[in-house]
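Asker: Below are the sequence and a predicted model for it; my questions follow.
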Amino acid sequence: MKSTFVHLTLAALLSIGSFGLTVSAQADQLQDIKKAGVLRAAVFDSNPPFGQVDEKSHDIVGYDIDFAKAIADKLGVKLELVPTNPANRIPLLQSGKADLIVADITITPERAKVVDFSTPYFVTGQQFLVPSDASDKLDSYASARIGAVKGTTGEQALKTRFPQARVLSYDDVPLALAALRNGNVQAITQDAEILAGLLAGAPDKGKYKIPAELLSREEIGVGVKKDEKTLLDEVNKTLVGLEANGEAAKIFERWFGKDSKAPENRNFKITAAP
């Protein structure tokens, strides 16, 4: 009887110990990043001004990149950029090939089931890019062919608002623009700032316009692997700190200020997550 009790007690202790190691391993990504000395951030390399390849330096630069650098600096580690497209952002995070998503990813209830999000560090809205002689009213495109980037909320919003439209999906926004140019689609949709940056850099920009009406209003956050609370807390502290010390506003001014290719008004502030 005594021997059985001892064996049960040892088994229980081993079980508890094993459970503790499992929880520790699952919730220790911040420690792993600091130990490795590298933060791997999934970012865009063809969605200006959030992420793009600089023509002179050939480095990836942009609004998202500046925030990724700030987070890496706060953690005291080097930054490794992992180029991605919208459809691959979450798979890269879930597979462990990236530690964070800092790639203009909109916070949605569906995505929040598989990814934890930081407090928003950008607020935007979906708009259309259409030929300059086309209608400014979005309802005019209810049964049109409309291009969207695969895996984005814009693609989902189109299908919800315009179920009669034919939504054609592309890997990135330059490919969607090419489809608009050759007449495969009658409009394309993406975040307002991305469309403004795209149009500003287009040699034929006079042929197109961005109607003022919004398809949706969206909040952009940093994506963190599920249940990595210590890492998420550190990201949130960094973002709120950048707002408090004025650096967040400077980053916005750099990419969306009056001297940028896609001027926008900053109508939001980064606040602590509720």
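Answerer: Alright, I've got the coordinates.
Asker: Would you mind giving the domain segments of the chain?
Answerer: In the assignment given by automatic domain parsing, the structural domains of the chain cover 31-123+219-256, 125-217.
Asker: ends of the longest one, how far apart?
Answerer: Spelled out, it's domain 31-123+219-256. 34 Å (Cα to Cα, to the nearest Å).
Asker: How far away from the center of its chain is that domain?
Answerer: Distance of domain 31-123+219-256 from its chain centroid, counting by Cα atoms, centre = their mean, to the nearest Å, is 7 Å.
Asker: re the thing from before, out of the domains of the chain, nearest to residue 268?
Answerer: Using Cβ to Cβ as the measure, domain 31-123+219-256 is the one of the domains of the chain that comes nearest residue 268, at 4.1 Å. To be clear about C-beta, it is placed using only N, CA and C from the backbone, and glycine gets the same treatment.
Asker: I'd like the average pLDDT over the closest one.
Answerer: For domain 31-123+219-256, mean pLDDT is 97.
Asker: Span of stretch 81-88 from start to end?
Answerer: Across stretch 81-88, first to last residue, Cα to Cα, it's 14 Å.
Asker: cool, and stretch 251-271?
Answerer: Start-to-end span of stretch 251-271 (Cα to Cα) is 16 Å.
Asker: Distance from it to the middle of the chain?
Answerer: On the basis of Cα atoms, centre = their mean, stretch 251-271 sits 17 Å off its chain's mean C-alpha point.
Asker: Neighbouring strands - and their directions - for the one helix or strand residue 130 maps to?
Answerer: For residue 130, the host element (DSSP states H and E) is strand 122-131. When sheet partners are counted by DSSP bridges, strand 122-131 sits next to strand 187-191 (antiparallel), strand 208-209 (antiparallel), strand 216-225 (antiparallel).
Asker: Nearest to residue 33 among these would be which one?
Answerer: strand 216-225 (11.2 Å).
Asker: got the buried residues for the next helix or strand after that closest one?
Answerer: Going down the chain from strand 216-225, the next helix or strand is helix 229-244, by DSSP H and E. Going by neighbour count (16 or more other Cβ atoms under 10 Å), the buried part of helix 229-244 is 231-232, 234-236, 238-240, 242-243.
Asker: Let's verify residue 135: helix, strand, or coil?
Answerer: With DSSP: H, G, I helix; E, B strand; the rest coil as the basis, residue 135 sits in coil.
Asker: show me the contacts for it.
Answerer: Neighbouring residues of residue 135 by Cβ atoms under 8 Å, 6 or more residues apart in numbering: 141, 211.
Asker: Quick one, grab the pLDDT at it.
Answerer: You'll see residue 135 listed with a pLDDT of 96.
Asker: Hmm, residue 105 is touching residue 220, no?
Answerer: Yes: Residue 105 is within contact range of residue 220, at 6.5 Å (criterion: Cβ atoms under 8 Å).
Asker: Quick check: the residue lying closest to residue 221 once chain neighbours are set aside vs residue 100, distance?
Answerer: In space, residue 221 comes closest to residue 117 once its chain neighbours are excluded; the distance is 3.8 Å by Cβ to Cβ, 6 or more residues apart in numbering. Distance of residue 117 to residue 100, given as Cβ to Cβ, to the nearest Å: 11 Å.
Asker: would you list every one of the helices in the protein?
Answerer: Ranges of helices in the chain, per DSSP state H, are 2-26, 29-36, 63-75, 89-94, 153-161, 173-181, 192-200, 229-244, 247-256.
Asker: Which among those is found nearest to residue 82?
Answerer: With distances scored as Cβ to Cβ, the stretch of these nearest to residue 82 is helix 89-94 (6.2 Å).
Asker: which helices and strands sit right next to that closest one?
Answerer: Judged by 3 or more Cβ pairs under 8 Å, 6 or more residues apart in numbering; DSSP states H and E, the packing partners of helix 89-94 are strand 38-44, strand 100-106, strand 216-225.
Asker: Need the winner for burial among the ones you listed.
Answerer: Mean neighbours per residue, mean count of other Cβ atoms under 10 Å, is largest over these for strand 100-106, with a mean of 28.
Asker: What lies in contact with it?
Answerer: The contact list for strand 100-106, computed with Cβ under 8 Å, 6+ apart, reads 39-44, 47, 50-51, 64-65, 67-68, 71, 84, 86, 89-90, 92-93, 111, 115, 122, 152-153, 191, 194, 218-224, 231, 235.
Asker: could you check the angle helix 192-200 makes with that strand?
Answerer: Orientation of strand 100-106 against helix 192-200 (axes from the mean of the first three to the mean of the last three Cα atoms, to 10 degrees) gives an angle of 90 degrees.
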